[in-house]
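K.L.:
When you get a sec, could you give me coordinates for this:
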Amino acid sequence: MVAMAFVANAAWAVDPFKVRDIRLEGLQRVEPGTVFASLPFRVGDQYSDEKGTAAIRALFALGLFKDVRLEVSGDVLVVIVEERPTIADVEFVGSHEFDKDVLKKALREVGLTEGRPYDQGLADRAEQELKRQYINKSLYGADVLTTVTPIERNRVNLTFTVTEGEPARIKEINIVGNKVFSESTLRGLFDLDTGGFLSFYTKSDRYARAKLSADQETLRSYYLNRGYLEFRVDSTQVTISPDKQDITITLNVTEGERYVVSSIRLEGNYLGKEEEFKTLISMQAGEPYNADQVAATTKAFTDFFGNFGFAFANIEVRPEIDRVNNRVAFALVADPARRAYVRHVNIGGNNRTRDEVIRREFRQFESSWYDGDKIKRSRDRVDRLGYFKEVNIETSDVPGAPDQVDLNLTVVEKPTGSLQLGAGFSSAERLALSFSIKQENVFGSGNYLGIDANTSKYNRVVAITSVNPYFTPDGVSRTIDIYHRQSQPYQNQGGDYRLVTSGGALRFGVPFSESDTVFFGAGVERTRIVPGTNIPAAYLAYADEFGYTSASVPLTIGWGRDDRDSTVAPTSGRFQRVTSELGVAGNTRYVRAGYQIQQFIPLNKQFTLAFNGEVGMGKGLAGQPFPVFKNFYAGGLGSVRGFDQGTLGPRDVTGATLGGARKLILNAEVLTPFPGAGNDRTLRMFGFFDMGNVYGEGEKITFSEMRASTGVGLSWISPIGPLRIAIAHPIRKFAGDRIQKMQFQIGTTF
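P.N.:
Okay, the predicted model is just below:
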């Protein structure tokens, strides 16, 4: 069309003339100003054929018209255009693999969306883009048909009819050239596989170029971390069967020789701190070459330079390879470059969370010297807020200021509200349900609000908790608790007595270091023993001596430290917590303390070893016994699985479980990705061993009285929280113990 317009215009030559007026014809939605702005002449200018050709070219370049003509009527120039139809709507039929919004976004990136002019070439590109999206999902047989339906006011509706077909699945993964490690061992490193009974969930048997690239890097790292310095992947072939259903992947590798580190030396400028830098070296002479250790050393050096303000330090690792003796020496050459300070800290991506919630976690301040350690701590503190799926910090140069940098923090927010559910099954308890609704970032303020409830037949709880983590600008937190509980022992067997506890507490948390926080507070509490059938004799004895209603003013103090790599699915790190409670007023006098420690040890990429230990101690003061309603309980989820919730420990003459003044719980777990789920840590299975018991006041904690169980379970990071299902078998039990072999809960760790 463009060529025809130019030819017609060239054949229709006119003598130059002065333009008295310019008229536009054919416009429907395009603004006249858009056309006038593209013309190379104005009213009063001299018109020529060259300018006419330039005008037609400029108007076609807008992409808004499918035809453009110029006509001359005396000294009036008439611009006649035919607009392209506008896309009114884009619809998809037959698409099940993708959400429609994902497909619309893909088309938007190639320039096709509602409100844009329709172009056949653009529609063809859109078809190809849609097919590419399906190929990325291993749907090689997917077919896309475009239907253009004209509607009123020069608009069109586009309908993409998709025939998805069946996905192509990986039939074989072959590794050729390996001698040191078996092919099955190397294939076990890959996220891609030939499928299993969970492939419908993991889609690990669907080929994707990005996944294969990631698996190649995993393979390369496996060899490089075991001394094979010159390992390489020579080629990769991906073939698909004629029916586009089966894919075969073949990797050709060269392992090379295994190298041992012979020596490591420092060269360059180390600011006179060579000895300090040497302590950061991960590599050891005499050990096999390990690429991760080299990378860790380089990063440690760069970070250490950053602690002194050298944001642009460069560490060059120069290997000196002795192929005769299979040894390699390393020279670590340092150039600290220039010192810099931070001009601005820019925050992006926080559409919900307020800037101040993020900035108050920063330890690197604007207009201060660049400090790599403070920047890392700032990033980690923002990540530990739990409000974001991703937290990234990048450093950018400031143009014209070689000694300044800007820090750009970008976050990807996630939903911070959660619904947690729990249930247990037993003949005594039947079905016990619990739930909680929590919002960790109320209105983007960083404050926490939670409501917990339990509808159990024997334990009914309503509790409201509010936390302001920055009650003061220095980071002192404030927690307000209001609760009402009605409880009975789990072996009640039809009794209708109750323990009713109502109260509230106010606590503050004072950070003493980046990882240590001390908590203290006070509360008021009223506990009432409501008599009824089958009431335990111990409760009657306590009520006869001290009354059926007890009021207390408990003071609390505690300490916490958490350096786990994740609070939801940890694989490394340690968590510790100390709690204590002292009854100082009212008609109860007691002290109650507890300590918990969790340790997570990564055994390899797939297996994690986890330990949990809890100890609790309680004692009565001022000549009073430890209040029976303050007892510790154990059994069930969170303590010793395989036993009914809260049924371990001393019993009175009626056989009712009372809990006790002392508690010891020990747990061990081995976690691994679920078979068929690849290396996906959101779906894992675990084996466990639990041991523990509750003891009365004055009783000695003995291992001979401890109950123990073992079993297996499933852990899944579900959309509403972490779900854990456990099937336990008690291996040490005593007469009268109540067994509960299957339990599940959402929102718990052990």
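K.L.:
For Val238, see how far away Lys137 is.
P.N.:
Per Cβ to Cβ, to the nearest Å, Lys137 is found 15 Å from Val238. Backbone N, C-alpha and C define where each C-beta goes, glycine included.
K.L.:
More neighbours: which of the two?
P.N.:
Lys137 (17 against 13; other Cβ atoms under 10 Å).
K.L.:
For that one, give me its contacts.
P.N.:
With contact set as Cβ atoms under 8 Å, 6 or more residues apart in numbering, Lys137 has these partners: 97-98, 167, 206, 208.
K.L.:
Likewise for Tyr134?
P.N.:
97-98, 140, 142, 144, 162, 164.
K.L.:
Go through these and single out the one with the most neighbours.
P.N.:
Ala142 (23 neighbours).
K.L.:
which one is that one nearest to, not counting chain neighbours?
P.N.:
The shortest distance from Ala142 to any non-neighbouring residue, by Cβ to Cβ, 6 or more residues apart in numbering, is to Tyr134 (3.7 Å).
K.L.:
Would you mind measuring from the one you found to Pro167?
P.N.:
Distance from Tyr134 to Pro167, counting by Cβ to Cβ: 9 Å.
K.L.:
Going by distance to Leu603, which of the contacts of Tyr134 wins?
P.N.:
Distance to Leu603, by Cβ to Cβ, is smallest for Glu97 among the contacts of Tyr134, at 36.4 Å.
K.L.:
surely that closest one meets Asn136?
P.N.:
No: Glu97 is beyond contact range of Asn136, at 10.1 Å (criterion: Cβ atoms under 8 Å).
K.L.:
does Gln606 count as helix, strand or coil?
P.N.:
At Gln606 the chain is in coil, as set by DSSP: H, G, I helix; E, B strand; the rest coil.
K.L.:
Give me the phi and psi for it.
P.N.:
Per-residue torsions, Gln606: phi -110, psi -30 (degrees, to the nearest 10).
K.L.:
That one touches Val670, doesn't it?
P.N.:
No: using Cβ under 8 Å, Gln606 is not in contact with Val670; the gap is 10.4 Å.
K.L.:
hang on, the earlier thing: dump the contacts of Lys137 to JSON lines, plus pLDDT.
P.N.:
Shown next, in JSON lines, are the contacts of Lys137 (pLDDT from 0 to 100):
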{"residue": "Glu97", "pLDDT": "78"}
{"residue": "Phe98", "pLDDT": "79"}
{"residue": "Pro167", "pLDDT": "83"}
{"residue": "Arg206", "pLDDT": "85"}
{"residue": "Ala208", "pLDDT": "82"}
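K.L.:
Nearest to Glu91 among the residues you listed?
P.N.:
Of all the contacts of Lys137, the one sitting nearest Glu91 is Phe98; the distance, using Cβ to Cβ, is 13.7 Å.
K.L.:
ok, for the closest one, nearest residue in space, not its chain neighbours?
P.N.:
Gln133 (6.6 Å).
K.L.:
swap in Ala61?
P.N.:
Leaving aside its chain neighbours, Ala61 sits nearest to Ser38 (7.7 Å; criterion: Cβ to Cβ, 6+ apart).
K.L.:
Tell me who's in contact with the one you found.
P.N.:
55, 58-59, 61-62.
K.L.:
Repeat that for Asp234.
P.N.:
Counted by Cβ under 8 Å, 6+ apart, Asp234 has contacts 177, 252-254.
K.L.:
do the same with Thr86
P.N.:
29, 115-118, 154-156.
K.L.:
Need the buried ones from those residues selected in PyMOL.
P.N.:
Filtering these down to the buried ones (16 or more other Cβ atoms under 10 Å) takes a single PyMOL command:
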select buried, resi 116+117+118+155+156
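K.L.:
Strands - which of the contacts of Thr86 land there?
P.N.:
155-156 (DSSP state E).
K.L.:
which one of the contacts of Thr86 sits closest to Asn447?
P.N.:
Gly115 (40.9 Å).
K.L.:
Can you tell me how far that closest one is from Thr302?
P.N.:
To Thr302, Gly115 is 48 Å away according to Cβ to Cβ.
K.L.:
For Ala123, list the residues it contacts.
P.N.:
Contacts of Ala123 (Cβ under 8 Å, 6+ apart): 112, 146, 148, 158.
K.L.:
Quick check: phi and psi on it?
P.N.:
phi -70, psi -40.
K.L.:
follow-up on the earlier one: tabulate the contacts of Ser38 (TSV), appending pLDDT.
P.N.:
Formatted as TSV, the contacts of Ser38 follow (pLDDT from 0 to 100):
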residue	pLDDT
Ala55	90
Ala58	89
Leu59	87
Ala61	84
Leu62	83
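K.L.:
With the flanking residues excluded, which residue is spatially nearest to Ile321?
P.N.:
Val328 (5.1 Å).
K.L.:
er, Met283 I mean
P.N.:
Using Cβ to Cβ, 6+ apart, the nearest residue to Met283 is Gln293, at 4.8 Å.
K.L.:
How about Val14?
P.N.:
Distances taken as Cβ to Cβ, 6+ apart put Val72 closest to Val14, at 5.5 Å, once the chain neighbours are dropped.
K.L.:
If you count neighbours, what's buried in the helix or strand where that neighbour lies?
P.N.:
Assessed by DSSP states H and E, Val72 sits inside strand 65-73. The neighbour-count check on strand 65-73 (16+ other Cβ under 10 Å) flags 65-70 as buried.
K.L.:
mind listing what's buried in stretch 444-453?
P.N.:
Going by neighbour count (16+ other Cβ under 10 Å), the buried part of stretch 444-453 is 444, 446-450, 452.
K.L.:
picking that back up, tell me if the residue nearest to Met283 really is in a strand.
P.N.:
No: Gln293 sits outside any strand when classified using three-state DSSP, being helix.
K.L.:
Helices - which of the contacts of Asp234 land there?
P.N.:
Per DSSP state H, helices hold no members of the contacts of Asp234.
K.L.:
Looking at these, which one is closest to Gly636?
P.N.:
Val253 (50.6 Å).
K.L.:
Could you count how many residues lie near that closest one?
P.N.:
Neighbours of Val253 using other Cβ under 10 Å come to 22.
K.L.:
Skip the chain neighbours and tell me the closest residue to it.
P.N.:
Going by Cβ to Cβ, 6+ apart, Val253 has Gly177 as its nearest residue, at 4.4 Å.
K.L.:
got it, and Asp496?
P.N.:
Gly532 (4.0 Å).
K.L.:
Verify the contact between the one you found and Arg498 for me.
P.N.:
Yes: here Gly532 reaches Arg498: they are 6.9 Å apart, a contact under Cβ under 8 Å.
K.L.:
With neighbour numbers in mind, choose between these two.
P.N.:
Arg498 (19 against 12).
K.L.:
For that one, give its distance to His484.
P.N.:
Remark: distance between Arg498 and His484 (Cβ to Cβ) = 12 Å.
K.L.:
quick one on the thing from earlier: who's in contact with the residue nearest to Ile321?
P.N.:
Counting by Cβ under 8 Å, 6+ apart, Val328 has contacts 229, 259-262, 289, 319-322.
K.L.:
What of Ile264?
P.N.:
Ile264 neighbours (Cβ under 8 Å, 6+ apart): 281, 283, 285, 329-330, 332.
K.L.:
what does Gly141 give?
P.N.:
With Cβ under 8 Å, 6+ apart, Gly141 has these contacts: 164-166, 168, 244-245.
K.L.:
Phi first, then psi, for it.
P.N.:
phi -90, psi 10.
K.L.:
what's the pLDDT at it?
P.N.:
Note for Gly141: predicted pLDDT of 78.
K.L.:
Wait, Tyr228 touches Val260, no?
P.N.:
No: under the criterion of Cβ under 8 Å, Tyr228 lies out of contact with Val260, with a separation of 11.5 Å.
K.L.:
Tell me which of the two has more neighbours.
P.N.:
More crowded of Tyr228 and Val260, by other Cβ under 10 Å: Tyr228, with 23 against 16.
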